[in-house]
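A.B. asks: Kindly return the folded structure for what I paste below:
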Amino acid sequence: MTPSPPAAPDATPPDVPARPLVPRPPARGMARTLFSRTAGFIGLIGLLIAIFVMKPAGLGPSMCTLQKATGYPCPGCGLTRSVSSFAQGHPLWSFKFHPLGPPIAILFLATAVMAVLPNRPREAFLAWLEKYDRYLWWIVLAFFVLMIVYGLVRIVLVATGHPDYAWWLEGDGTEAPWLAPPPHPQP
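C.D. replies: Predicted coordinates for the structure are as follows:
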C-alpha cells in the first residue's frame, strides 16, 4: 500500500493584520513644478546672472559641442545670449539670437516673482493655475518641439548661406553682426 500524499496547505493566508494604507502625497503637477520656490530661486539667480554677468555677445567662445563638431548651431544655441539680451533691455537682439529666449526670460521672471510672494496669494494663483495643468504639459511639450523645429530650420538656413544666418559660420558663432560697433565716418 502506498502512502497518500501529504495534504496541501490551506490556501488562505494566516490572519495577518492588514497594513494601514498610508495616503500618498498628491503628484506634483506642472504648475507646482514650474512655480515651486526652488524653481523660483533658480529663475531669480538666472535673471541676476543674465543682467549683471552675461554680455549680449556671450562670455567667450561657444560651449556647444555640436557647433564645435559640425560648425552648425544646435537647437539651443543662442538661448543664453537671447535671455541675457532680453534681461538687459534689448528685445530685438534677443529675438535675433533665439526667438524662444524672450519667453524663457519671462518664465524666469514669473518664477522669481512667485518664489518671493507670500503664501496666501501664491497658493491662490497656484490653485487657479492647477485647473489648467493638463494644458501646461502641452505648452511645455510644444515649446520643446518648437525649439527642435527652429533648430533644424536654422541649420538649413545656415547651411544654405542665408545672409541673416551666415554669421553662425564665422568664427565660433559668437560674432553677431548687430553687436558690432558702427563704423566711424571717414573725415
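A.B. asks: Only the C-alpha atoms, please, for the worst-scoring helix or strand of the chain on mean pLDDT, written as PDB.
C.D. replies: Taking mean pLDDT, DSSP states H and E as the measure, the helices and strands of the chain show their lowest mean at helix 65-70, namely a mean of 83. Taking Å, rounded to 0.1, in the frame of the first residue of the first chain, the C-alpha atoms of helix 65-70 are listed here in PDB:
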ATOM      1  CA  THR A  65      29.600  70.600 -28.600                       C
ATOM      2  CA  LEU A  66      27.500  70.200 -31.800                       C
ATOM      3  CA  GLN A  67      28.600  73.600 -33.100                       C
ATOM      4  CA  LYS A  68      32.300  72.800 -32.400                       C
ATOM      5  CA  ALA A  69      32.000  69.400 -34.100                       C
ATOM      6  CA  THR A  70      29.900  70.400 -37.100                       C
END
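A.B. asks: Which is the succeeding secondary structure element to that helix?
C.D. replies: The C-terminal neighbour of helix 65-70 among helices and strands, as given by DSSP states H and E, is helix 79-87.
A.B. asks: Now do that following helix: everything it contacts.
C.D. replies: Residues external to helix 79-87 that are found in contact with it (CB atoms under 8 Å, 6 or more residues apart in numbering): 46-47, 50-51, 54-58, 91, 93-95, 97-102, 104-105, 108, 174, 176. C-beta here means a position set from N, CA and C on the backbone, and glycine is covered the same way.
A.B. asks: Just the buried subset of these, please.
C.D. replies: Buried residues within the contacts of helix 79-87, defined by neighbour count using 16 or more other CB atoms under 10 Å: 46-47, 50, 54, 56-58, 93-94, 97-98, 100-102, 104-105, 108, 174, 176.
A.B. asks: neighbours around Asp133, how many?
C.D. replies: Asp133 has 16 neighbouring residues, counting by other CB atoms under 10 Å.
A.B. asks: Not counting sequence-adjacent ones, nearest residue to it?
C.D. replies: Setting aside the residues directly before and after it, Asp133 is nearest to Gly29 in space (CB to CB, 6 or more residues apart in numbering), at 4.0 Å.
A.B. asks: pretty sure the one you found contacts Tyr132?
C.D. replies: No: between Gly29 and Tyr132 no contact is recorded; they are 9.6 Å apart, counting by CB atoms under 8 Å.
A.B. asks: what about the chain, any weak spots by pLDDT?
C.D. replies: Low-confidence segments of the chain, defined by pLDDT under 70: 1-27, 171-175, 180-187.
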